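K.L.:
Quick one: sequence and predicted model below, then my questions.
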Amino acid sequence: MPKFLLNRWHGLHIYWSSIVILLLSIALFFYEWVLGAVGLVLGGVLAYYTLAAERAFRKGLNQYVGTLSHRIKKAGNEVFNELPIGIILYDEDRMVEWHNGFAGRMLDRESLIGEPLHELLPGLKGKDDKDQKLELTVGKQIYQVQVKAEHRLLYFQDVTALISLTRKYEEEKIAVGIVMLDNLDEATQGMDDQSRSVMLAKVTGELTSWAQKHAVYIRRTASDRFLIFMNNRSLKQLEQSRFEILDDVRDLTIEHKLPFTLSIGIGAGSDSLIELGQLAQTSLDMALGRGGDQAAVKVGQRLSFYGGRSNAVEKRTRVRARVISHALRDLIRDSDKVVIMGHRIPDMDAIGAAIGVLKAVQVSQKEGYIVLEGINPSIQKLMEAIKEDEKLYRWFITPEQAMQIATPRSLAVVVDTHKASMVAEPKLLQQTHRIVVIDHHRRSEEFISEATLVYMEPYASSTCELVTELLQYFHDRLTMDVLEATSLLAGIVVDTKSFALRTGARTFEAASFLRRNGADSGLVQRMLKEDLEQYIRKAEIIKHAEIVYDHIAIAATSPGRKYSQLLIAQVADTLINMTDIMASFVVSERTDGLIGISARSLGQINVQVVMERLGGGGHLTNAATQLDGTVEEALAKLKRVLEDMNEEEGLFE
């Protein structure tokens with residue numbers, strides 16, 4: 001305890017003692033004045049001593065307070081200067097008014113006072129006008145900056161170690177992948193065992209070298225399947241290299257009639273190995289559903305695709321078609337009724353495929369209905385022919401009627417699309433969990449995941465081709481009406497551009513089956529005829545086409561002019577047939593107010609990837625998208641995507 005406090009304690013005791021003595025002296029003075037006088041003298045002495053003690057206490061207190069204030073001020077200054085937190089005060093002109101020692105050491109300057117804040121810390125420019133927390137790199141260090149805009153105050157905390165540790169943790173998280181040979185059976189068909197083993201050894205060696213180069217653990221689990229493990233650092237390297245192993249394996253086996261292609265599915269971003277395995281399988285399914293020869297990487301909600309430059313390999317075996325056909329037959333027989341629908345504003349392929357499925361339903365002696373939502377001008381003549389056939393047209397219903405008749409035991413068959421948002425009546429998919437998807441498009445991220453049966457083959461020319469194959473195995477003695485067979489053939493003819501594109505051996509086999517069942521090719525040609533006015537409108541758009549990257553044609557329509565999606569697609573088809581053109585893009589305002597982009601290629605350029613970057617999709621050689629805004633804005637976005645792809649992969653050089 002300080003000495004002045006002890007003196008104070010003694011002084012208080014003497015003070016009260018003197019009071020008591022004085023009171024007693026006054027009382028004694030009335031009985032014995034001598035004793036009273038002595039008491040008064042003694043009380044006076046004690047009172048004097050008390051006053052002296054009080055003066056000493058106040059003097060000691062003042063000295064103590066003065067010393068304590070100095071010590072506190074000194075300690076405060078030392079704390080501000082030694083705190084592991086930088087503090088900067090600045091004025092209204094963004095000039096430094098005061099800072100502590102840490103801030104000076106942070107910027108390697110003895111004094112920052114009077115310096116422009118944004119010259120010292122350029123990264124803060126435009127970010128110091130409101131209270132917020134942000135990260136700022138100064139030299140090799142990373143700081144968390146807390147901005148107090150109202151007080152013009154900045155706090156800096158060094159988080160370099162924390163950020164480095166976080167990054168290291170993220171980089172070392174495990175990713176799981178599956179590598180699959182897409183076409184092992186097709187590519188090795190006709191090879192003897194020795195040649196097959198030598199070829200597989202080459203491919204395996206290439207995969208092993210690739211894995212060692214990128215620190216990937218690879219383990220073979222089947223003749224055509226490998227399991228791979230890596231960390232996120234290695235995965236990032238693979239994505240930066242855009243999975244060059246896809247091209248390496250294809251080039252290694254290019255001398256064969258059907259070179260080997262790979263599909264890779266990778267899952268990352270989860271701490272659960274079980275979930276990572278599921279993500280890897282989902283990604284592989286996505287890569288295979290898009291035609292193979294590509295890698296799909298799913299990291300949390302991000303799904304990225306790499307490769308996919310070649311067309312899907314046509315399967316030479318029909319085993320899967322037969323299995324799917326029998327499974328579909330069982331589902332139809334186990335349902336009370338079947339509702340068939342394609343995408344909104346259906347085209348020839350969607351209507352033809354729906355009519356084919358309706359035939360399968362009727363053969364199974366079940367009720368079947370086709371949901372029709374909107375009439376595409378391209379199917380106007382087909383619908384006129386169907387309306388004349390009362391026996392067929394009576395099964396066409398509206399989306400509202402479909403919602404009324406559907407029950408939980410009804411079967412919904414979706415054709416020519418696999419996106420729930422694109423079907424004629426999306427609510428119908430919620431009314432029943434018995435769903436079948438038949439489609440030939442490359443699989444996109446949006447997919448009807450709860451489907452009971454899925455038949456997706458990107459190698460197929462059209463959905464009509466797939467449905468025709470299913471019909472061949474559906475019943476031993478299946479017979480078709482002329483209009484039914486012709487509708488299926490028309491869908492194949494339209495999607496193959498009269499058997500010129502995406503046509504395989506199985507396409508001609510399907511067309512042959514339909515021809516034997518009464519399909520009228522002359523009627524198909526009459527349905528596809530165009531009038532002179534439409535031809536002139538197409539020529540008007542083509543007149544304004546420009547050539548970019550030497551081999552890409554882009555045509556954009558004039559502002560305010562609206563064209564149907566069919567006409568836009570036909571212009572793209574015409575442009576792709578021009579000399580030296582590898583890809584064509586047509587941008588136009590549609591009749592519904594949206595901006596449509598149709599894209600075509602001959603296979604060297606994957607227009608599906610281009611359209612996916614703009615929110616659309618389709619095939620490697622045939623894709624499209626719809627955008628909001630103006631033709632000029634859509635054209636600028638398209639050119640920006642082409643420029644980015646050229647910088648990333650050099651596709652157009």
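P.N.:
Now that the structure is in, tell me what you want to look at. Numbers count the residues shown, from 1 in each chain.
K.L.:
Quickly find the element holding residue 593.
P.N.:
Residue 593 belongs to no helix or strand when assigned by DSSP states H and E.
K.L.:
neighbours of it, just the number please.
P.N.:
Number of residues near residue 593 (other Cβ atoms under 10 Å) recorded here: 8. In short, each C-beta sits where N, CA and C put it, glycine included.
K.L.:
In terms of pLDDT, where does the nearest residue to residue 501 once chain neighbours are set aside sit?
P.N.:
Distance criterion Cβ to Cβ, 6 or more residues apart in numbering; nearest residue to residue 501, sequence neighbours excluded, is residue 621 at 6.2 Å. Turning to residue 621, the model gives it a pLDDT of 81.
K.L.:
repeat for the one 5 residues further on
P.N.:
We note a pLDDT of 88 for residue 626 in this prediction.
K.L.:
show me what contacts it?
P.N.:
Neighbouring residues of residue 626 by Cβ atoms under 8 Å, 6 or more residues apart in numbering: 590, 594, 595, 596, 597, 615, 616.
K.L.:
Sketch out the low-pLDDT regions of the protein for me.
P.N.:
Residues of the chain meeting the criterion pLDDT under 70: 1-82, 308-317, 649-653.
K.L.:
my read: residue 480 touches residue 362, true?
P.N.:
No - using Cβ atoms under 8 Å as the test, residue 480 is too far from residue 362 to be in contact (10.4 Å).
K.L.:
Show me which of the two is the more surrounded one.
P.N.:
More neighbours surround residue 480 than the other of residue 480 and residue 362, with 22 against 15 (other Cβ under 10 Å).
K.L.:
Distance check, the more buried one against residue 385.
P.N.:
As judged by Cβ to Cβ, to the nearest Å, residue 480 and residue 385 stand 15 Å apart.
K.L.:
can you check residue 173 too?
P.N.:
According to Cβ to Cβ, residue 173 and residue 385 sit 59 Å apart.
K.L.:
Run through the residues that contact the nearest residue to residue 544 once chain neighbours are set aside.
P.N.:
With sequence-adjacent residues excluded and distances taken as Cβ to Cβ, 6+ apart, residue 544 is closest to residue 555, at 5.9 Å. For residue 555, the contact set (Cβ under 8 Å, 6+ apart) comprises 541, 542, 544, 545, 546, 571, 575, 584, 585, 586, 587.
K.L.:
same check, this time on residue 483
P.N.:
Taking Cβ under 8 Å, 6+ apart as the criterion, residue 483 is in contact with 385, 386, 389, 392.
K.L.:
partner residues bridging the residue nearest to residue 578 when sequence neighbours are not counted?
P.N.:
Distance criterion Cβ to Cβ, 6+ apart; nearest residue to residue 578, sequence neighbours excluded, is residue 553 at 6.6 Å. Counting by DSSP bridges, residue 553 is bridged to residue 547, residue 584.
K.L.:
Now do the domain split for the protein, please.
P.N.:
Domain segmentation of the chain under automatic domain parsing yields 3-81, 85-164, 173-307, 319-527, 534-649.
K.L.:
Confirm that the residue nearest to residue 544 sits in a strand.
P.N.:
Yes - under DSSP: H, G, I helix; E, B strand; the rest coil, residue 555 falls within a strand.
K.L.:
Can you give me the separation between the residue nearest the centre of the chain and residue 588?
P.N.:
Taking Cα atoms, centre = their mean, the centroid of the chain lies closest to residue 302, which sits 3.7 Å from it. With distances taken as Cβ to Cβ, residue 302 is found 32 Å from residue 588.
K.L.:
And residue 423, by the same measure?
P.N.:
From residue 423 to residue 588 the distance is 25 Å (Cβ to Cβ).
K.L.:
ok, now residue 442?
P.N.:
24 Å.
K.L.:
Settle it for me: which of these two has more neighbours?
P.N.:
Using other Cβ under 10 Å, the more surrounded residue of residue 442 and residue 588 is residue 442, with 27 against 23.
K.L.:
which SS state does the more buried one fall under?
P.N.:
Strictly by three-state DSSP, residue 442 counts as coil.
K.L.:
The closest residue to residue 601 other than its chain neighbours: neighbour count?
P.N.:
Nearest residue to residue 601 in three dimensions, chain neighbours excluded: residue 583, at 4.1 Å (Cβ to Cβ, 6+ apart). Counted with other Cβ under 10 Å, residues neighbouring residue 583 total 27.
K.L.:
How much space separates residue 583 from residue 184?
P.N.:
31 Å.
K.L.:
Next: residue 497.
P.N.:
On the measure of Cβ to Cβ, residue 497 and residue 184 end up 31 Å apart.
K.L.:
what do you get for residue 610?
P.N.:
Residue 610 is 30 Å from residue 184, by Cβ to Cβ.
K.L.:
Residue 557 now?
P.N.:
Taking Cβ to Cβ, one finds residue 557 at 47 Å from residue 184.
K.L.:
Does residue 586 belong to a helix, a strand or coil?
P.N.:
Strictly by three-state DSSP, residue 586 counts as strand.
K.L.:
Nearest residue to residue 602 in space, ignoring adjacent ones along the chain?
P.N.:
residue 582 (5.9 Å).
K.L.:
just to revisit the earlier point, please produce CSV containing the contacts of residue 555, extended by distance to residue 535.
P.N.:
CSV is the format used below for the contacts of residue 555 (distance: Cβ to Cβ, whole Å):
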residue, distance to residue 535
541, 11
542, 11
544, 16
545, 16
546, 22
571, 11
575, 15
584, 17
585, 21
586, 15
587, 20
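K.L.:
and those residues, which are buried?
P.N.:
Taking 16 or more other Cβ atoms under 10 Å as the criterion, what is buried in those is 541, 542, 545, 571, 575, 584, 585, 586, 587.
K.L.:
Which strands or helices does the helix or strand containing residue 332 pack on?
P.N.:
Element membership for residue 332 (DSSP H and E) is helix 319-333. In terms of contacts (3 or more Cβ pairs under 8 Å, 6 or more residues apart in numbering; DSSP states H and E), helix 319-333 is packed against helix 348-363, strand 453-456, helix 463-474.
K.L.:
Turn the ones you listed into TSV, including distance to residue 378.
P.N.:
As requested, those are arranged in TSV below (distance: least, Cβ to Cβ, whole Å):
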stretch	distance to residue 378
helix 348-363	6
strand 453-456	23
helix 463-474	14
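K.L.:
closest one to residue 342 among these?
P.N.:
Residue 342 lies closest, by Cβ to Cβ, to one member of the helices and strands packed on helix 319-333: helix 348-363, at 3.0 Å.
K.L.:
The closest one - contacts with which helices or strands?
P.N.:
Judged by 3+ Cβ pairs under 8 Å, 6+ apart, helix 348-363 is in contact with helix 319-333, strand 337-341, strand 367-371, helix 380-388, strand 411-415, helix 463-474, helix 482-495.
K.L.:
For these, give me a markdown table that also has distance to residue 515.
P.N.:
Below are those laid out as a markdown table (distance: least, Cβ to Cβ, whole Å):
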| stretch | distance to residue 515 |
| --- | --- |
| helix 319-333 | 19 |
| strand 337-341 | 24 |
| strand 367-371 | 23 |
| helix 380-388 | 18 |
| strand 411-415 | 22 |
| helix 463-474 | 11 |
| helix 482-495 | 7 |
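K.L.:
Show me the one of these that comes nearest residue 208.
P.N.:
Nearest of these (Cβ to Cβ): helix 319-333, 30.8 Å.
K.L.:
residues touching the residue nearest to residue 97 when sequence neighbours are not counted, list them.
P.N.:
Nearest non-adjacent residue to residue 97, counting by Cβ to Cβ, 6+ apart: residue 89, 4.7 Å away. Residue 89 makes contacts with 96, 97, 98, 99, 151, 152, 153, 154, as judged by Cβ under 8 Å, 6+ apart.
K.L.:
Residue 627: which of these is nearest?
P.N.:
Once Cβ to Cβ is applied, the member of the contacts of residue 89 that ends up nearest residue 627 is residue 154, at 42.6 Å.
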